[in-house]
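A.B. asks: Sequence plus the predicted model coming up.
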Amino acid sequence: WRRSLYPKGPQKWRQVILFILCVCMCQSGAETLRYSLPEEMERDSFVANIAKDLGVPLSQLAARKARVVSEGNEQLFRLNQNTGVLTAKESLDREEICPQSDTCTLVFKIFFENPLQLIRGEVEVRDINDNSPVFPEKEMVLKILETASPGSRFPLESAQDKDMGINGLQNYSLGPNPHFSLSQGTGKNGVKYVELVLQRQLDREEQGELSLLLTATDGGSPPRSGTAQVRIVVVDANDNVPVFERETYEVRLAENSPLEQLVVRVAAADPDEGSNGEVNYAFAQASERSRQLFQLNQTTGEIRVAGKLDFEEAKSHTMVVKATDGGGLSAHCKVQVEVLDVNDNAPEIALTSLSASIPEDAPPRTVVALFSVRDRDSGDNGRTECSIDGDLPFSLTPTFDNYYELRTNAALDRERTAEYNITITATDWGRKRLSSQESIFVQISDVNDNPPEFTQEIYTMSVTENNSPMLRIGSMKATDADAGINARVNYALVRQEGKEQPEVSVNAENGDVYILRPLDYEKVEEYNVTLRARDEGSPALSTSKTLLVRLLDVNDNAPTFTQAIYTMVMSENDCCSPTPCSSFGSR
């Protein structure tokens, strides 16, 4: 008996235990499925076997309407309910999906209906070495005074590599030459920089120009590289080098700063006269995105906003500005711009599941809908709260990861309100609070909770005797406040055991009352019957009313004597009237 109740074999036991643990963990929101796959895989590439990892039988995936929901508007994954396999819908490009992040993690949710259940999952998109380092310019030109002393340093444009980690830019190398070596380092923002270091003094009269090959190499296997030519122009003696007021300019700038707003003005002084004292400014090191967002005036050194800043895209920008005088001497300074977050993103409401119709006898706290709220701002600007507009029998319950459940909080009555248009408002906590709304339309389905009601308490109808068969004498009407089949009413005559069945019939569909056969007033003057109205709900509800049928007499009977012959005996003395007795006796 016990063997028949429990699964056989350790593998079956293991599946049962895993399934129970999975259900418990998913219900508590504690479990997160984690997977990893390299970028640039073909579309429909295998990610994971969700059914196997959760220990859920394949039959339950379809039965519980399991599906995968990705964060954001784009659905990146597909779940096959027949096999339980999660696949990537498209080839994933890490550089396109996570351009500003060292790691690239895509979040999805496995959603089960009936009952509702949500499981969080993460897929790490691993970088592959599919991008080579690229220099902004194929040729860099440096003008260096011939009197520059050994040990002088000259920053070079950094190469850009869209790959991350070991696949990103790792090393620079310089072609063999007698004058320069390379110095490499990493800035606060993690960007590798490179500088030329003068090892042997230059002599313009001996060699006016030098051409060096600069190579940037990543750490992939096999490694990829990019090159640029560094052309050194040896400049005749110029006594003074431009000097910046500061080595580093630090600026804090709100992300909603308008175009043309002044960010900072860098200034370098050169005491030389004429063209040797005229300083021009240019970016020596800046990412492509920074060059799109900031504009440098080469004459004044003013840096102004040239594009729309976005704190959610990049929280800081570091640029190196070069000041060059007319004699070719240059100096460098750093400009570090910290972008400040402002509340410029309204909360986003994403509906995950909705029960379009719920029965009116649904108990309180029945889940109607599941949705999430996301705000791309940070701090209080990204903190949100949700509310429902109006006095409605619904409430919001926060779950986890900014998910909310819309539940009933009172008894429903379809006969009073058959549908609800629920407006959900999500508001952030920023100083200038932003909000968004989402409308959910919920219909209340009927339950057979109202019996038919007759329009009269007692029905009285009359019919003249000797009527024709199947004569309609009236109609009974009952209404039902329910809807659909629950409001469909059938009529019937209530048969009473032990009593003669009356000559009355009722139409089951419309309540018309008929007399089956001719009636005789002299036999029965009235009929008292009970009629019942019943709906077609399950279980059916009914109501009964009394019908009084009165017969009307017609002159269908001639007078009749009680005897055929009447005999009377009289004496002569009894005859005292003036009328002859013989006449009286003849009557």
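C.D. replies: Done, it's in. Numbers count the residues shown, from 1 in each chain.

A.B. asks: does residue 364 sit in a helix, a strand or a coil?
C.D. replies: Under DSSP: H, G, I helix; E, B strand; the rest coil, residue 364 falls in the coil class.

A.B. asks: roughly how far apart are it and residue 410?
C.D. replies: 6 Å (CB to CB, to the nearest Å). Using the backbone N, CA and C atoms, a C-beta is placed for each residue, glycine as well.

A.B. asks: Please apply the same query to residue 437.
C.D. replies: For residue 437 relative to residue 410 (CB to CB), the value is 23 Å.

A.B. asks: Looking at the two, which is more packed in?
C.D. replies: residue 437 (13 against 10; other CB atoms under 10 Å).

A.B. asks: can you pull the contacts of the more buried one?
C.D. replies: 349, 423, 424, 425, 426 (CB atoms under 8 Å, 6 or more residues apart in numbering).

A.B. asks: Which strand residues bridge it?
C.D. replies: Residues in a beta bridge with residue 437, per DSSP bridges, are residue 425.

A.B. asks: per-residue confidence for it?
C.D. replies: With respect to pLDDT, residue 437 scores 91.

A.B. asks: repeat for residue 433
C.D. replies: 90.

A.B. asks: Could you do residue 18 as well?
C.D. replies: 39.

A.B. asks: With residue 254 instead?
C.D. replies: At residue 254, pLDDT is 92.

A.B. asks: Name the residues linked to it by a beta bridge.
C.D. replies: residue 340.

A.B. asks: residues near it, how many?
C.D. replies: 14.

A.B. asks: which residues sit in contact with it?
C.D. replies: Contacts of residue 254 (CB under 8 Å, 6+ apart): 309, 339, 340, 342.

A.B. asks: Would you state the strands of the stretch 1-150 of the chain in chain order?
C.D. replies: According to DSSP state E, counting those that start in this stretch, the stretch 1-150 of the chain carries its strands in the segments 32-38, 45-49, 67-70, 77-79, 85-88, 105-112, 117-126, 139-145.

A.B. asks: which one of these lies closest to residue 376?
C.D. replies: Smallest distance to residue 376 across those (CB to CB): 14.1 Å, for strand 105-112.

A.B. asks: buried sites along that closest one?
C.D. replies: 106, 108, 109, 110, 111, 112 (16 or more other CB atoms under 10 Å).

A.B. asks: got JSON lines for those, with distance to residue 322 too?
C.D. replies: Shown next, in JSON lines, are the buried residues of strand 105-112 (distance: CB to CB, whole Å):
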{"residue": "106", "distance to residue 322": "40"}
{"residue": "108", "distance to residue 322": "47"}
{"residue": "109", "distance to residue 322": "50"}
{"residue": "110", "distance to residue 322": "54"}
{"residue": "111", "distance to residue 322": "55"}
{"residue": "112", "distance to residue 322": "60"}
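
A.B. asks: Of those residues, which is the nearest to residue 192?
C.D. replies: Checking the buried residues of strand 105-112 against residue 192 with CB to CB, the nearest one is residue 106 at 27.7 Å.

A.B. asks: Mind pulling up the pLDDT for that closest one?
C.D. replies: pLDDT at residue 106 comes out at 88.

A.B. asks: Kindly report the same for residue 25.
C.D. replies: Reported pLDDT for residue 25: 38.

A.B. asks: next one: residue 154
C.D. replies: Predicted confidence (pLDDT) for residue 154: 93.

A.B. asks: need the contact list for it.
C.D. replies: 142, 144, 195, 196, 198, 330.

A.B. asks: residue contacts, the nearest residue to the fifth one once chain neighbours are set aside?
C.D. replies: It refers to residue 198. Closest residue in space to residue 198, ignoring its immediate chain neighbours: residue 152 at 4.5 Å, by CB to CB, 6 or more residues apart in numbering. By CB under 8 Å, 6+ apart, the residues touching residue 152 are 144, 197, 198.

A.B. asks: do residue 208 as well
C.D. replies: Taking CB under 8 Å, 6+ apart as the test, what residue 208 contacts is 233, 234.

A.B. asks: Kindly report the same for residue 376.
C.D. replies: By CB under 8 Å, 6+ apart, the neighbours of residue 376 are 312, 345, 348, 382.

A.B. asks: And for residue 340?
C.D. replies: Residue 340 neighbours (CB under 8 Å, 6+ apart): 252, 253, 254, 255, 311.

A.B. asks: List buried members of those by neighbour count.
C.D. replies: Neighbour-count burial (16+ other CB under 10 Å) applied to the contacts of residue 340 gives 253, 255, 311.

A.B. asks: Please report the distance of the last one from residue 139.
C.D. replies: Here residue 311 is placed at a distance of 36 Å from residue 139 (CB to CB).

A.B. asks: domain assignment for the protein?
C.D. replies: 14-126, 139-340, 348-445, 453-552 (automatic domain parsing).

A.B. asks: could the ones you listed go into a markdown table alongside distance to residue 133?
C.D. replies: Output for those, formatted as a markdown table (distance: least, CB to CB, whole Å):
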| stretch | distance to residue 133 |
| --- | --- |
| domain 14-126 | 13 |
| domain 139-340 | 4 |
| domain 348-445 | 31 |
| domain 453-552 | 70 |
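
A.B. asks: and the residue nearest to residue 398 when sequence neighbours are not counted, what element?
C.D. replies: Excluding its sequence neighbours, the residue lying closest to residue 398 (CB to CB, 6+ apart) is residue 404, at 5.5 Å. In the assignment (DSSP states H and E), residue 404 maps to strand 403-408.

A.B. asks: taking the mean pLDDT, what do you get for that strand?
C.D. replies: Rounded mean pLDDT across strand 403-408 is 92.

A.B. asks: 896 is where my numbering starts, stick with that
C.D. replies: From this message on, residue numbering opens at 896, which makes the last subject strand 1298-1303.

A.B. asks: Pairing partners for it, with directions?
C.D. replies: strand 1262-1269 (antiparallel), strand 1289-1293 (antiparallel).

A.B. asks: Tell me which of these sits most buried.
C.D. replies: Comparing these by mean neighbour count (mean count of other CB atoms under 10 Å), strand 1262-1269 ranks first with a mean of 20.

A.B. asks: Now the element after that strand, going C-ward?
C.D. replies: Heading C-terminal from strand 1262-1269 (DSSP H and E), you reach strand 1279-1283.

A.B. asks: Give the other helices and strands that that following strand contacts.
C.D. replies: Helices and strands touching strand 1279-1283, by 3 or more CB pairs under 8 Å, 6 or more residues apart in numbering; DSSP states H and E, are strand 1289-1293, strand 1314-1323.

A.B. asks: Of all those strands, which one is nearest residue 1120?
C.D. replies: Nearest of the helices and strands packed on strand 1279-1283 (CB to CB): strand 1314-1323, 46.4 Å.
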